[in-house]
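Trainee: have a look at this fold, sequence not included:
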């Protein structure tokens, strides 16, 4: 489908630009439903640490490795469609 093709292009172009492999983002938890936040690429801080900092400062998180700009998606060509960056609700 168009969506899966676009997603594939976006991911490939981002990681070519970064020249490094992505970290696997997983939640390690048993059948009890408990989970443990894994370390991210944001200075080695866990999700919970980043969340607490944002809450204390009253700011929304912005990923320095993947900014909400067109160049994050298509660094070597013009964006073929209008992209509207949204946050999950």
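Mentor: Arrived safely, thanks for sending. Values in this document were obtained by computation on a predicted structure and should not be read as measured data. Numbers count the residues shown, from 1 in each chain.

Trainee: could you check how far residue 80 is from residue 45?
Mentor: 35 Å (C-beta to C-beta, to the nearest Å). Placement of C-beta: from N, CA and C, glycine included.

Trainee: neighbour-wise, which of those two wins?
Mentor: Per other C-beta atoms under 10 Å, whichever of residue 80 and residue 45 has more neighbours is residue 45, with 15 against 10.

Trainee: distance of the more buried one from residue 63?
Mentor: With distances taken as C-beta to C-beta, residue 45 is found 12 Å from residue 63.

Trainee: ditto for residue 44
Mentor: Residue 44 is 15 Å from residue 63, where distance means C-beta to C-beta.

Trainee: compare the two (neighbour count), which wins?
Mentor: A side-by-side neighbour count of residue 44 and residue 63, using other C-beta under 10 Å, places residue 63 first with 12 against 8.

Trainee: tell me the pLDDT of the more buried one.
Mentor: With respect to pLDDT, residue 63 scores 86.

Trainee: now do the end-to-end distance for stretch 62-72.
Mentor: This stretch, stretch 62-72, spans 13 Å end to end (C-alpha to C-alpha, to the nearest Å).
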